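J.: Give me a 3D structure for the following:
(chains A and B)
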Amino acid sequence: MNPNAYFRQFFTRNGTALGTFLLLSVGFWMFIMILLPQAFMIDFSFRHNLPPAEIGGPQDTYTTEHYEFMVYGSAAAEGEFNTVDLGVFVRTLIAAFFVTLFDLAICYPIAYYLAHSASGGWARLMVLSLIVPFWVNEILRAFAFRIMFGSAGVINGFLMWLGVIDQPYDFIRENVALYAGLGYAFILLMIFPLYNAIESLDRNQIEAARDMGASWIRIHRRIVIPFAKPGISSGCTMVFMLSAGALAAPQILGGPSSLWFTQIIYQWFQTGNNWNRGSAYALILLASTIVFVLVMMKVFKVKLGEIAR
Amino acid sequence: MNSNTISRVFIMGFVLAFFAYLFGPLIIMSITAFNSSAFPRVMPWECFSIEWFDVLIQDDKLMLGLRNSLIIGAGVVLLAVPIGLAGALMLTQVSARLRPWYYTIVISPILIPGVVLGISTLVFWDRVGRMFNTGYESIFYDGIFLTILGQATFISAYSMLVFISRLQRFDPALEEAALDLGATNVQAFRKVLLPFLKPAMGSAAVLAFLASFENYNTTVFTIISESTLTTVLASKVRYGINPSISALAVIIVALTLVGAVFFEIAKRREDRAAKAAAQVAAGGRAQAARTYFAEPALMLFVLIFCAGLGTVYFAGTLGLDECKVAVKEEKKRRAAARIKERETLQMFQRAKPGQETGTGAVPPPQTGEAAKGTEGYQGIFAPGNLEGQVESDTGGEPAKGTEGYQNIFAPDNLEGQVGGDQEQKSTGQ
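T.: Predicted coordinates:
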């Protein structure tokens, strides 16, 4: 259909005022807020870090130096890899992966219970109490974990009282607090996709399997999990992307000697004063998390269309 | 039968453990707000006090951040709710071929890390500002303006999802009926679809405000030289903690609980009204709707809340000073005991020939010996002796008062400073 006719139809359908409102708001959102900023950031990451006066001048050419820096470090150390940044990068992805698994493991039983075992009023209370903690500020939630896991915190006190340890264990330095806090932060994003998927499963299927003698594990492996696969993968995708891109929890709960990749990006912006390199690093994070998610989907044979619906 | 009971017990245990994980940290944080100890903790309970709430209210930085957060929240609601509505309506009209593309683009801000969104917004408007050749005081470098835009990028997608799920329950026959009865398209939209979407607007606005209010990842990049509640909180939490932050958490948790209770009750009333309407339609008798005051659960909650508040207020003001004096005395006594113990130790060492204890740094082997020596006494004189030491090396918190010199001999004395330095490195404006 030719675009002119399309627009005419659009305006007769919606009226002038509403049609203009729709086009303007969606256009502003798509182009000014989403697409152009991303495009400008990509462009920006391929340019030299110049003082404001030289921008647009002859010096302002395209370069891949920021991406090379991520791999090789500064030019002085020729031929060697930038082990610090690469190490942090890999560690961040691996940790985010395990945070995702942890969330899946603790949320799946709860989602199943909520969808198929809990009765009316109790289920509603549970849903409400799932949401309530997430209305509390992200920083405050991380702060709560810091109090809990601190050397003078409740967990150390309890373990010492039990006699398991006799010296306070440094949960913050060992990043235990960080992983617990990250897992906590994204529970809601895991549980609701799981719940939505499991809830739509016909209860008769489970009953039938049970009547025919399937064990508890087999029911889950052969019926519930395959059915809930789209929900599982959308939950995992969200948790993985957001925990790899988390900044607040690592800043507050991370041990003094360990960094999260977003903290390196943050440093390039705030103290390193090299926005171009920060943008390049941010793009690396974005691209690699997307690739990782796509690869995982391929491995587990999930189609993108199933998730997006 | 027996195995059934076991599995039920197991499931209930798991559910309980899960909710303990969910609420435990918040409860413990809330308790620390009422301890007069300068470090937020529960265990060595000093005095019950509400002084941290005063400290909180007198914190100008935090109050300024709160004001900015409210402005930004309002701005985001005004921007994100209309955009989300337009985005959802557009989804129903866009041609089938373009639909997946359109959906992918507008849903992507939810998955893109907040850090990336913040950076791209910052870079984009920096370029735009440069294009128009404006100075750094122009709107393109205004933290509040940029933050509203940056947050609205993904919050619009949240509100779009709210509208989409409401639209899915819309019966298109209603609109067709209106059109058949002679309404124009615009009239059908305004009189039929818009009223249907009204509740979704309410929930989208609440969701947008909450998401904006608690956002950190995007805000920290776009805010530039301004501050919001979260950025102020984050810098406070990183560079020295005190329980006034717990006090803020108590306020937020209380507000959240009140909001949740009202939400639940409103929902129940709605359900009941719907049921009553169905009954009337079926020829039954209409029941009078109950007022809020007739909700037993709500009244009970309000009573408990008020009673709790009253108790906290009186207990917090009565006897606080005496208790503080007592705790101070106790601390002094312990500190004196420690000093005395060190002096005896030093005298003991000086008496040994061939060993020199000068001022300043003590050589490593001797430190070990000294530490070993003190260990014996520590158990007797100062049970809480190690605690201050441990705190200062995890928190990067500056040691205060009498606790300052207690860890001169500690072998890991320097480590805390190193940790603190590293954290300071990531400071910035």
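
J.: Please identify which residue in chain A comes closest to chain B.
T.: When scored by CB to the nearest CB, chain A has A:Gly245 as its residue closest to chain B, at 2.3 Å. Bear in mind the C-beta positions are built from the backbone N, C-alpha and C, glycine included.

J.: For that residue, give me the backbone phi and psi.
T.: Dihedral angles of A:Gly245 (phi, psi; degrees, to the nearest 10) stand at phi -100, psi 10.

J.: Now for residue 141: which residues touch it?
T.: Defaulting to chain A. Counting by CB atoms under 8 Å, 6 or more residues apart in numbering or on different chains, A:Arg141 makes contact with A:133, A:181, A:184-185, B:25-26.

J.: nope, chain B please
T.: The contact partners of B:Tyr141, by CB under 8 Å, 6+ apart, come to B:125-126, B:129, B:224.

J.: Who wins on neighbours among the residues you listed?
T.: Using other CB atoms under 10 Å in any protein chain shown as the neighbour criterion, B:Trp125 leads the contacts of B:Tyr141 with 23 neighbours.

J.: Need the pLDDT of the residue lying closest to it once chain neighbours are set aside.
T.: Of all residues not flanking B:Trp125 in the chain, B:Phe140 sits nearest, at 4.6 Å (CB to CB, 6 or more residues apart in numbering or on different chains). Looking at B:Phe140, its pLDDT reads 80.

J.: Just the closest residue of chain B to chain A, please.
T.: Closest residue of chain B to chain A, CB to the nearest CB: B:Pro113 (2.3 Å).

J.: Now that residue: closest residue in space that isn't a chain neighbour?
T.: In space, and not counting its chain neighbours, B:Pro113 is closest to A:Gly245: 2.3 Å by CB to CB, 6+ apart.

J.: follow-up on the earlier one: so the residue nearest to B:Trp125 is in contact with B:Phe124, correct?
T.: No. With contact defined as CB atoms under 8 Å, B:Phe140 does not count as touching B:Phe124 (9.3 Å).

J.: how about low-confidence regions in the chain?
T.: Unless you meant another one, I'm taking chain A. Applying pLDDT under 70 to chain A flags the ranges A:1-2, A:75-79, A:304-309.

J.: other chain: chain B
T.: Within chain B, the set of residues satisfying pLDDT under 70 comprises B:1-3, B:43-44, B:240, B:283-299, B:301, B:311-322, B:352-429.

J.: need the longest helix for it.
T.: Determined from DSSP state H, the single longest helix within chain B is helix B:244-281.

J.: packing partners for it?
T.: Secondary structure elements in contact with helix B:244-281, counted by 3 or more CB pairs under 8 Å, 6 or more residues apart in numbering or on different chains; DSSP states H and E, are helix A:120-131, helix A:138-149, helix B:2-32, helix B:51-57, helix B:229-238, helix B:296-317.

J.: Which secondary structure elements does the following helix or strand past the fourth one sit against?
T.: Taking DSSP states H and E as the definition, the helix or strand that follows helix B:51-57 towards the C-terminus is helix B:60-93. In terms of contacts (3+ CB pairs under 8 Å, 6+ apart), helix B:60-93 is packed against helix A:3-14, helix A:16-27, helix B:99-111, helix B:143-167, helix B:194-214, helix B:229-238.

J.: What are the buried residues along the longest helix of chain B?
T.: Buried residues in helix B:244-281, defined by neighbour count with 16 or more other CB atoms under 10 Å in any protein chain shown: B:244-250, B:252-253, B:256, B:261, B:264-265, B:268, B:276.

J.: Looking at those, which one is closest to B:Asn68?
T.: Distance ranking of the buried residues of helix B:244-281 against B:Asn68, using CB to CB, places B:Leu248 first at 15.5 Å.

J.: Wait, B:Tyr216 touches B:Ala234, no?
T.: Yes. Using CB under 8 Å, B:Tyr216 is in contact with B:Ala234, at 6.3 Å.

J.: residues contacting the residue positioned nearest the centre of chain A?
T.: Centroid-nearest residue in chain A: A:Leu242, 1.4 Å away (criterion: CA atoms, centre = their mean). Applying CB under 8 Å, 6+ apart to A:Leu242 gives the contacts A:185-186, A:189, B:113.

J.: So it: helix, strand or coil?
T.: Classification of A:Leu242 using DSSP: H, G, I helix; E, B strand; the rest coil returns helix.

J.: repeat for A:Leu178
T.: helix.

J.: Just give the number of residues close to it.
T.: The tally of other residues near A:Leu178 (other CB under 10 Å) stands at 27.

J.: which non-adjacent residue is nearest it?
T.: A:Leu253 (4.3 Å).

J.: To A:Arg47, which of the helices and strands packed on helix B:244-281 lies closest?
T.: Using CB to CB as the measure, helix B:229-238 is the one of these that comes nearest A:Arg47, at 28.0 Å.

J.: What is that closest one packed up against?
T.: Judged by 3+ CB pairs under 8 Å, 6+ apart, helix B:229-238 is in contact with helix A:138-149, helix A:248-253, helix B:60-93, helix B:194-214, helix B:219-222, helix B:244-281.

J.: mind putting those helices in a markdown table, distance to A:Thr61 included?
T.: Compiled in a markdown table, those are given as follows (distance: least, CB to CB, whole Å):
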| stretch | distance to A:Thr61 |
| --- | --- |
| helix A:138-149 | 40 |
| helix A:248-253 | 35 |
| helix B:60-93 | 37 |
| helix B:194-214 | 39 |
| helix B:219-222 | 26 |
| helix B:244-281 | 48 |
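
J.: For chain A, which helix extends over the most residues?
T.: What stands out as the longest helix in chain A, according to DSSP H, is helix A:83-116.

J.: That one vs chain B: in contact?
T.: Yes. Using CB under 8 Å from any CB of the partner chain, helix A:83-116 reaches chain B at A:106, A:109-110, A:113.

J.: Which one (most neighbours) among these?
T.: A:Ile110 leads the residues of helix A:83-116 next to chain B on contacts (other CB under 10 Å) with 23 neighbours.
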